[in-house]
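>>> how would this look folded up:
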Amino acid sequence: MSGAAGGRTPRGAEWTGTVCPSPPDRQTGPPADRPARLAALLAAGRRAGIYSAAAWSVGTAVGRETHGHLGTRRWGGAELNGTELWDLASVTKPIVGLAALRLAETGALRLDDTVGAYLPEYRRVPGKADITVTQLLTHTSGLPGGTPLWRAHSDRDGLLAALRGLPLRGAPGTVVEYSSAGFVLLGLILERATATGLDELVATQVCEPLGMRETVFAPGAAARDRAVSTELCTWRGRLVTGQVHDENAVVLGGVCGHAGLFAPLTDMDRLGRALAAGGDGLLSAPGFARMTACHTEGLPLRRCLGWQGRDAVGSPVGTAMGPSSYGHTGFTGTSLWVEPAVDGSGADGAGVNGSGADRAGADGAGVNGSGADRAGADGARAEGRYYVLLTNRVHPSRAPRRFPAVRRAFHHHAAALARP
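Residues are numbered from 1 along each chain as shown. Next comes the predicted model:
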């Protein structure tokens, strides 16, 4: 099937009160049925009121194996047609990270450069001047995680000044704490290093080489008309559509290192294919290996350069992805995850184990694909794979609605597409 399938419930999608996966030996089914089961899972999530819209794609470096979209841009709104823009939220981070790594390969900056080298205002800030670019990329800077600075600071200068005053959670390099503040700093460093705005840098360093022509910060009026809505925001007094959901990012003008990018599914496909191909068109082989390697050995959480490794416990994608997989999630309900190519012996091409130099409405599911088998038996090389999931799980509010279970189940079913 292609496009929207109308209000008819996809076969196998009857609501059972759960969106968690069945046990592995009962949930995959014959290979030809697996794409429809994936669509059914996401349709069930919509009927449960977890989101109004979803789009997804699974593929390899060669192209898509299955993809689809369902639902409406907001509850009671227009049905999806596949061209929508999605607020990527924190999936912005690894894309900004890619820009940083591209600049490092050209010599425009070095990964061991410090915050103080580029941001004079930090040179006399105790503990922060010597934080490195690598530590920002791996969330080992010691900077804190959730910091709603927007509550007390309504302008860019005030928020950035407050960021400078945030106390460290630990000495840089000794603790892993997911920090949006760190990526705000990273974006500032990239701008200072190149005398170029972050939006232009991301466009030239990542989007243009991959043909991601519609991936942008701060979409214009025409693009906003295609955006999927997120939260009914009391702070802004309206339903947020086409403006970044993250409040700190709003105060910063919508262009920053931790959030703000919008993209259609097709562009996320392009990025996924490039990563599944080992960074083709983006990074050298050593640079890609360095990016996807785990840089936090001996610390509780696995972090690559800009990406999250698959943790043994508590991974947002569950346990179906391989231990060398990596990816990133976004607060709005987005994610991109990648399994690197491996040879028949199980050795990774790169990867984190490598050396690393409740609403009415039609479900309208559209799904395509046959689920090609994955090579890898008898010593053959298993191809890299990518998994994109885009939803608006913060619509109309960010109240918990079991979205993490949907995301884990999505990856569980999507990984089964590769099995005979």
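>>> Let me see the mean pLDDT of the helix or strand hosting residue 66.
Per DSSP states H and E: residue 66 is located in strand 64-71. The average pLDDT for strand 64-71 rounds to 97.
>>> Give me the helices and strands touching it, please.
For strand 64-71, the contact count by 3 or more C-beta pairs under 8 Å, 6 or more residues apart in numbering; DSSP states H and E identifies helix 34-47, strand 53-60, helix 265-276, strand 366-369 as packing neighbours. C-beta here means a position set from N, CA and C on the backbone, and glycine is covered the same way.
>>> Run me through the strand neighbours of it, direction for each.
Partners of strand 64-71 in the sheet, by DSSP bridges, are strand 53-60 (antiparallel), strand 366-369 (antiparallel).
>>> can you pull the pLDDT of the most centrally placed residue in the chain?
The chain has residue 91 as the residue nearest its centroid, 3.1 Å off, counting by C-alpha atoms, centre = their mean. In this prediction, residue 91 carries a pLDDT score of 98.
>>> Who are the contact partners of it?
Applying C-beta atoms under 8 Å, 6 or more residues apart in numbering, we find residue 91 in contact with 261, 328, 329, 330, 334, 335, 336.
>>> Which one of the residues you listed sits in the busiest neighbourhood?
The residue in those with the most neighbours, by other C-beta atoms under 10 Å, is residue 261 (33 neighbours).
>>> For the nearest residue to that one once chain neighbours are set aside, which three-state class applies?
Residue nearest to residue 261 in three dimensions, not counting chain neighbours: residue 92, with 4.2 Å by C-beta to C-beta, 6 or more residues apart in numbering. Of the three states, residue 92 takes helix under DSSP: H, G, I helix; E, B strand; the rest coil.
>>> isn't residue 92 right up against residue 257?
Yes - look at residue 92 against residue 257 with C-beta atoms under 8 Å: they come within range, at 7.4 Å.
>>> where do the contact lists of those two overlap?
What both residue 92 and residue 257 touch, as defined by C-beta under 8 Å, 6+ apart, is the set residue 183.
>>> So between these two, which is more surrounded?
Using other C-beta under 10 Å as the criterion, residue 92 and residue 257 rank with residue 92 on top: 32 against 29.
>>> Identify each of the helices in the stretch 101-250 of the chain and give its residue range.
With DSSP state H, counting those that start in this stretch as the criterion, the stretch 101-250 of the chain has helices at 115-118, 133-137, 156-164, 180-194, 198-202, 208-210, 221-224, 247-251.
>>> what's the most buried one of the ones you listed?
A comparison of the helices of the stretch 101-250 of the chain by mean neighbour count, using mean count of other C-beta atoms under 10 Å, puts helix 133-137 on top with a mean of 25.
>>> Which strands or helices does that one pack on?
Packing partners of helix 133-137 (3+ C-beta pairs under 8 Å, 6+ apart): helix 92-106, helix 180-194.
>>> Which one of these lies nearest to residue 230?
helix 92-106 (14.1 Å; C-beta to C-beta).
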